[in-house]
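Engineer: Here is my input, please return the structure:
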Amino acid sequence: MSRKTFQRLSLDARRKSLMEATLRCVARYGLSGATVRRITEEAGVTAGLVRHYFGSKDELIGNAYAYLAGQLTAEAGSRAKQSEGDPVDQLRQFLLANMTTPNLSEEKVSLWATFIGRVRYEAAFADIHREGYREFLALLEALIEPVLALHGLPHGASACRRHAIALNGLIDGLWMEGSLNSGLYGRALLPELILEAGERLLGLPAGSLQDQKKTQDS
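Structural biologist: Take a look at the predicted model:
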């Protein structure tokens, strides 16, 4: 992107372009190697724009982490919304979105691992992580509740929160291992695994999520 083109973008688009350039540079060079110079060259802008919109490299890095977390949640949420009116398929689509591209990505897992290392000792990163986790859990709870109710299972706030926490852990584990693609199994197995394990975790009748998949794919 040329500087001239960049200057015509809106404020939100400029910030987005800088954050995406930051993520590419972090993925390529690591946090220490993702210098302001490299980031601005990647985005096609001057270093002054980083200071103008973010104040410092640390603030830019933090915003890029929040942007990454938001992307993952938004992609899964968007997939779920495509099945409006069908709570079972909404949950199914949300789960599948985390086991397929673009969310299932070695680069995204590597970026997440790079950022998560700062959560333990930097309050700003801990806040970003907490907010991203809260947003993901809230979305999961909202998707789980009508599915439990449909099957006559307990679906109060406490039950949904516990299920969401457990299901999030399942998603995270399969997402990380699947994205790293160790070669021990094929990625094509992940969608089937998340649906089967999700059913067992939520106490749903066996095959209730897979049946929906077969109906749509037939």
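Engineer: where exactly do the helices run in the protein?
Structural biologist: 3-7, 11-33, 36-43, 47-54, 57-81, 87-97, 106-116, 123-150, 157-180, 190-202, 208-217 (DSSP state H).
Engineer: Which elements pack onto the fourth one?
Structural biologist: Based on contacts counted as 3 or more CB pairs under 8 Å, 6 or more residues apart in numbering; DSSP states H and E, the elements that helix 47-54 packs against are helix 11-33, helix 36-43, helix 57-81. C-beta here means a position set from N, CA and C on the backbone, and glycine is covered the same way.
Engineer: how close does the nearest residue to Leu193 once chain neighbours are set aside get to Leu167?
Structural biologist: Closest residue in space to Leu193, ignoring its immediate chain neighbours: Leu174 at 6.3 Å, by CB to CB, 6 or more residues apart in numbering. Using CB to CB, to the nearest Å, one obtains 11 Å as the distance from Leu174 to Leu167.
Engineer: who has more neighbours, the two?
Structural biologist: Regarding Leu174 and Leu167, a neighbour count based on other CB atoms under 10 Å identifies Leu167 as having more, with 23 against 20.
Engineer: Report pLDDT for the one residue sitting closest to the centre of the chain.
Structural biologist: In the chain, the C-alpha closest to the average C-alpha coordinate belongs to Leu72, at a distance of 2.0 Å (CA atoms, centre = their mean). You'll see Leu72 listed with a pLDDT of 96.
Engineer: which ones are touching it?
Structural biologist: Contacts for Leu72 were tallied using CB atoms under 8 Å, 6 or more residues apart in numbering; they are Asn98, Asn103, Lys108, Phe136.
Engineer: By mean pLDDT, point me to the weakest helix or strand of the protein.
Structural biologist: Across the helices and strands of the chain, mean confidence by mean pLDDT, DSSP states H and E is lowest for helix 3-7: a mean of 35.
Engineer: TSV for the helices and strands packed on helix 47-54, including distance to Gly207?
Structural biologist: Compiled in TSV, the helices and strands packed on helix 47-54 are given as follows (distance: least, CB to CB, whole Å):
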stretch	distance to Gly207
helix 11-33	39
helix 36-43	47
helix 57-81	20
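Engineer: Out of these, which gets nearest to Gly198?
Structural biologist: helix 57-81 (13.1 Å; CB to CB).
Engineer: Got phi/psi on Tyr121?
Structural biologist: phi -130, psi 10 (degrees, to the nearest 10).
Engineer: Phe115 versus that one, what's the distance?
Structural biologist: Taking CB to CB as the measure, Tyr121 and Phe115 are separated by 13 Å.
Engineer: Lovely, talk soon.
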